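> predicted model and sequence follow; I will ask about them next.
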Amino acid sequence: MDTQEFIDFMKFKFKHNVLRAYLRYRNRVLIDLEKDALVKVATFLFKELNFRFIIATGLDNVKDLEITYHFSNDQTGLVANVRVRIPRKKPEVESLTPLFVAADWIEREMHELLGINFLNHPNMRSLLSGDNWGEGEYPYRKPIRE
Amino acid sequence: MKEKTIIPVGPYHPLQEEPELFKLYCDGEIVTDIEWETGYNHRGIEKINESKTFEQVFFVVERICGICSTSHPYAYANAMEEIAQVKVPDRAKYIRTIVAELERIHSHLLWVGLAGHFIGYNTVFMWAWKYREPILDLFEIITGNRNSYAMFKIGGVRRDIEEKDYSTILKILDRVKPKAEMLMKAVIDDPVIHLRTKGVGILTKQDILDYCSVGPTARASGVDIDIRRDDPYGAYPLVNWKVIVVPEGDVFAKAVVRFLEIFESISIIEQCVEKLRKESQSQIDVKVKEIPEGNGAGRAEAPRGEVFHYVIADGSNSPARHKIRAPSYVNVATFKKSCVGQTITDATLALAAVDPCYCCTERMAHVYDSRTRQRLLDGRALIQLSQQRTQALKKNLSGKNT
């Protein structure tokens, strides 16, 4: 499957959930996704299309929080960036750790640094700090002027 | 309920150069479960980068890890060149590849030495590190430094390799090659090393796919992945080489993969030097005036596996967000599979087999009061404290001298 076919296929398969999917640069695809469809799409990419999970990038873009999950297809060298937006008022998203262990550390890290709750994560301890972390302090959150 | 014995390894342990805590849950001598704690060494590099210009970030990321000090800048350069849509000149590609492959040789030899040290075979340790030394000399000839090479920039490299150095590079590699072959034969034929490493810490192909592991850890379990070939960058598509894959998945297989990769790297460097000799163009970089808005994903195959950098540029002159993922971040998690069921002595060897790098994995420091949960010291305060201390020491010393 080449890159354009992959984009068309994803749009067709998840037409109600994919907000936007396009070729960003050579061999890299950006897919904006509805938050609730994350597990469904990740399962499909990981189990059916044999994509490897690389890492996820958490970001506070002031309007809301966003996570970009990076997947790699090692047969074609394609990197798929799957992006979901999470409202600040209820920072929750389904965990991918039950699907693949590789998501464990990065979800714990994002929980710690950005304050995102990962639902159904088996072990939501902090990764980098001890038990003396300041409660409700998230170093990667940006200050917001009310 | 049956009692479990916990054997802590670390966070500060004479065998480990970096702090990391492993809790081995044991039943007699057999490890039944493992837990680990990180965070002792975190330096906040992702956050620091947000306050650096795109050019300065190179010098920060090459200090993430002393051993991968080319792989991180390489992946970052790939990400930035994706955003700016820059085409790197061929000469720069060859130079970059030479530096990256030299790094692979020195890193693999370092690992072989440490593995020998871990199993109490210090002759292997001394040999491997002795033959690594000329490679570090080569770095000094090419880049001016034995570590932290500062060779990369967006659009090319900072220094050219001079014509007079071509023969020196080839001569040193010619000298290292038979020594590495001798070392490999000595290690691979040694019955004691066989006993200590064969069948130890096995990771199956399925384990690797589940844990999304990369690099020699994956290739030693029969998973044929290598970013140099799968998502080609630099001069790798322009030279002949092959990906080393071994199916067994034990510590011995990991050693075999690393040894054979050393010879592939030597061959790649030799080809690159020949190409440089024939190369007519002298350009080693292209000028990049400004970085447009956008996001770039850059990857590079470090000695330990794929390094991933994701940069979000917002049109200013520094990254809005810079995500870094080192190979150890996904490889270390495989301990749960490779150590459980092993004896304690074998488990510690399995821990070392993925060549874990805690520096790469951790990037932040902070001091909190455990009772009041007030922040006591941040990065700036720690620097001030250290400066005050240095000044006090200086004052003390000068007082004594006079």
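That came through, no problem.
> all the helices of the stretch 151-300 of chain B, residue numbers only.
For the stretch 151-300 of chain B, applying DSSP state H, counting those that start in this stretch gives helices covering B:163-188, B:191-197, B:205-211, B:216-219, B:227-230, B:251-278.
> contacting residues around the second one?
Helix B:191-197 is contacted by residues B:A115, B:I119, B:Y121, B:V124, B:V187, B:D250, B:V251, B:F252, B:A255, B:D346, B:L349 when judged by CB atoms under 8 Å, 6 or more residues apart in numbering or on different chains. Where C-beta positions appear, they are placed from N, C-alpha and C, glycine not excepted.
> against B:Q206, how distant is B:S221?
As judged by CB to CB, to the nearest Å, B:S221 and B:Q206 stand 9 Å apart.
> now swap in A:W105 and tell me
From A:W105 to B:Q206 the distance is 20 Å (CB to CB).
> quick one, which of these two is more surrounded?
Between A:W105 and B:Q206, A:W105 has the larger neighbour count (other CB atoms under 10 Å in any protein chain shown), namely 20 against 11.
> contacting residues for that one?
Going by CB under 8 Å, 6+ apart, A:W105 touches A:L127, B:Y329, B:A333.
> name every strand pairing with the helix or strand bottoming out on mean pLDDT in chain A and say which way it goes.
One helix or strand of chain A scores below all others by mean pLDDT, DSSP states H and E: strand A:18-25, with a mean of 84. Next to strand A:18-25 in the sheet, as set by DSSP bridges, lie strand A:28-33 (antiparallel).
> other SSEs contacting the next helix or strand after the strand it pairs with?
Sequence-wise, the next helix or strand downstream of strand A:28-33 (DSSP states H and E) is helix A:38-43. Applying 3 or more CB pairs under 8 Å, 6 or more residues apart in numbering or on different chains; DSSP states H and E, one finds that helix A:38-43 contacts strand A:65-73, strand A:78-86, strand A:92-94.
> if I look at B:G249, how far off is B:K205?
The gap separating B:G249 from B:K205 is 7 Å, by CB to CB.
> can you pull the residues of chain A lying near chain B?
A:24-25, A:27-28, A:30, A:52-55, A:57, A:59, A:68, A:70, A:72, A:74-77, A:79, A:81, A:100-102, A:104-106, A:127-135, A:137, A:139-140 (CB under 8 Å from any CB of the partner chain).
> try it again with 7 Å
By CB under 7 Å from any CB of the partner chain, the residues of chain A that approach chain B are A:25, A:27-28, A:52-55, A:57, A:59, A:70, A:74, A:77, A:79, A:81, A:100-102, A:104-105, A:127-129, A:132-135, A:139.
> out of the residues you listed, which end up buried?
When these are checked for burial by 16 or more other CB atoms under 10 Å in any protein chain shown, the buried set is A:25, A:27-28, A:52-55, A:57, A:59, A:70, A:74, A:77, A:79, A:81, A:100-102, A:104-105, A:127-129, A:133, A:139.
> those residues in helices, which ones?
Taking DSSP state H as the definition of helices, these contribute A:D104, A:W105.
> ok so, going back, what about B:G249 and B:K205, which has more around it?
B:G249 (24 against 14).
> tell me the centre residue of chain A?
Nearest to the geometric centre of chain A sits A:Y69, at 3.5 Å (CA atoms, centre = their mean).
> thinking again about what came up before, save the contacts of helix B:191-197 as TSV, and put in neighbour count too.
Putting the contacts of helix B:191-197 into TSV (neighbours: other CB atoms under 10 Å in any protein chain shown) gives the following:
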residue	neighbour count
B:A115	25
B:I119	21
B:Y121	18
B:V124	21
B:V187	22
B:D250	21
B:V251	28
B:F252	22
B:A255	24
B:D346	22
B:L349	20
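> can you redo those as JSON lines with distance to chain A?
Formatted as JSON lines, these follow (distance: CB to the nearest CB, whole Å):
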{"residue": "B:A115", "distance to chain A": "25"}
{"residue": "B:I119", "distance to chain A": "28"}
{"residue": "B:Y121", "distance to chain A": "33"}
{"residue": "B:V124", "distance to chain A": "32"}
{"residue": "B:V187", "distance to chain A": "30"}
{"residue": "B:D250", "distance to chain A": "20"}
{"residue": "B:V251", "distance to chain A": "21"}
{"residue": "B:F252", "distance to chain A": "25"}
{"residue": "B:A255", "distance to chain A": "24"}
{"residue": "B:D346", "distance to chain A": "22"}
{"residue": "B:L349", "distance to chain A": "22"}
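> now do the contacts for A:P98.
Listed by CB atoms under 7 Å, 6 or more residues apart in numbering or on different chains, the contact set of A:P98 reads A:N120, A:P122.
> helix, strand, or coil at it?
Secondary structure, DSSP: H, G, I helix; E, B strand; the rest coil: A:P98 is coil.
> report the separation between it and chain B.
Noted for A:P98: a distance of 12 Å to chain B, by CB to the nearest CB, to the nearest Å.
> beta-bridge partners for the closest residue to B:A92 other than its chain neighbours, please?
For B:A92, ignoring the flanking residues on the chain, the nearest one in space by CB to CB, 6 or more residues apart in numbering or on different chains is B:G156 at 3.8 Å. For B:G156, the beta-bridge partners are B:K153, B:D285 (DSSP bridges).
> pLDDT weak spots in chain A?
Applying pLDDT under 70 to chain A picks out residues A:131, A:145-146.
> from the contacts of helix B:191-197, pick the one nearest B:Q387.
B:A115 (40.0 Å; CB to CB).
> where's that closest one, which helix or strand?
Going by DSSP H and E, B:A115 is in helix B:90-118.
> how far does that helix sit from its chain's centre?
Offset of helix B:90-118 from its chain centre (CA atoms, centre = their mean, to the nearest Å): 9 Å.
> tilt between that helix and helix B:251-278?
Going by axes from the mean of the first three to the mean of the last three CA atoms, to 10 degrees, helix B:90-118 is angled at 150 degrees with respect to helix B:251-278.
> for helix B:90-118, name the packing helices and strands.
helix B:71-84, helix B:122-143, strand B:156-157, helix B:251-278, helix B:344-353 (3 or more CB pairs under 7 Å, 6 or more residues apart in numbering or on different chains; DSSP states H and E).
> out of these, which one sits most buried?
Mean neighbour count (mean count of other CB atoms under 10 Å in any protein chain shown) peaks for helix B:71-84 among these, with a mean of 26.
> which residues touch that one?
Taking CB under 7 Å, 6+ apart as the rule, helix B:71-84 contacts A:25, B:54, B:57-58, B:61-62, B:64-65, B:88, B:96, B:100, B:103, B:152, B:154-155, B:233, B:288, B:291-292, B:294-300, B:302, B:307-311, B:313.
> could you give the average pLDDT over that helix?
Averaged over helix B:71-84, pLDDT sits at 94.
> now do that helix and strand A:78-86, the angle between them.
80 degrees.
> if we can go back for a sec, what sits against the residue nearest to the centre of chain A?
Contacts of A:Y69 were listed using CB under 7 Å, 6+ apart, and they are A:A42, A:A56, A:V82.
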